[in-house]
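In: Give the three-dimensional model of this entry:
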Amino acid sequence: MYSLTDRVLQRYISPPLLLRKRKFHIRAYALAVDSIRVYLSSQALALCAGTKYAAGDTTNTFAHITNTAYQDLDPNFVEADCVRLWNDEDVARLLVKDKTCRTHKEACDRVHHVISEIEQITGEIFRAYKNEFGVFAPIDGCFEHYGLDFVVTEDWKVYLLELNPGPDFKQTGDRLSAVIGNLMSDTIDAALLMDPKDAGQEHIGCLKLVYENQMRPSSNTDGGISMRLT
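Out: Predicted coordinates:
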């Protein structure tokens, strides 16, 4: 017998935006510090299927399920083609090559629009859950990473797929492993080494502040967190 918590029913978002005629989703990394400041890394991934998308054919799940762990089972999966950076150089170039965008400037504007939407959605999620201590408990002196997955539709609308409290950092593959290296380095600056008076600054390396709980309680008289490297 199954309880209501055993399954999640989610609408299939269609038609999706395609890269190289393949479906993809965006993996973004967030950092929650203290109780709470939330940062989003600007180095998001576009995780693509190895098989061309066919809207009416759901028999080939490799064309529809873009999770990297699942795609790795597909003989058509090539890491360099399927794991991209959602930025001006990588994805914007493909958008022009696919004739999805007419110019590189238009492609860059679209890329930035999607990132802006992701930042807004991420901020709204943490704002909504800041007091839901049964599922999320931001604590002074702590930090946590999250992986957020988004899908973009053909008309450039951005939808949240899921939020993962245990993000799989291996999804970058070997080629883009520096994304995680940068995230960890910036996490040290944001969560461990930051001068308390600088808490809440908008940019720290690749991280951008997308939400800050102005009413958060703090046991520290200086307003900073108590963690220190030893």
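In: ok, residues contacting stretch 36-44?
Out: If you take CB atoms under 8 Å, 6 or more residues apart in numbering as the criterion, stretch 36-44 is touched by 26-33, 85-87, 115, 118-119, 122-123, 126, 130, 138, 179, 182-183, 186, 190, 199-200, 204, 206-213, 216. All C-beta atoms are positioned from the backbone trio N, CA, C, and that covers glycine.
In: and those residues, which of them are in strands?
Out: 26-33, 85, 204, 207-212 (DSSP state E).
In: Most neighbours of all the residues you listed, which one?
Out: Tyr29 (28 neighbours; other CB atoms under 10 Å).
In: quick one: contacts of the lowest-mean-pLDDT helix or strand in the chain?
Out: The weakest-scoring helix or strand in the chain, judged by mean pLDDT, DSSP states H and E, is helix 68-71 (a mean of 86). Here helix 68-71 makes contact (CB under 8 Å, 6+ apart) with 47, 49-50, 61-62, 65, 77, 82-83, 168, 170-171, 173.
In: Show me the residue at the heart of the protein, geometrically.
Out: Ala28 (1.3 Å; CA atoms, centre = their mean).
In: Could you measure from that residue over to Tyr12?
Out: Separation of Ala28 from Tyr12 (CB to CB, to the nearest Å): 21 Å.
In: just Asp149 next, same as before
Out: 14 Å.
In: now swap in Thr172 and tell me
Out: For Thr172 relative to Tyr12 (CB to CB), the value is 26 Å.
In: Let me know the average pLDDT across the top helix by length along the chain.
Out: Longest helix in the chain, counting residues (DSSP state H): helix 104-129. Helix 104-129 shows a mean pLDDT of 97.
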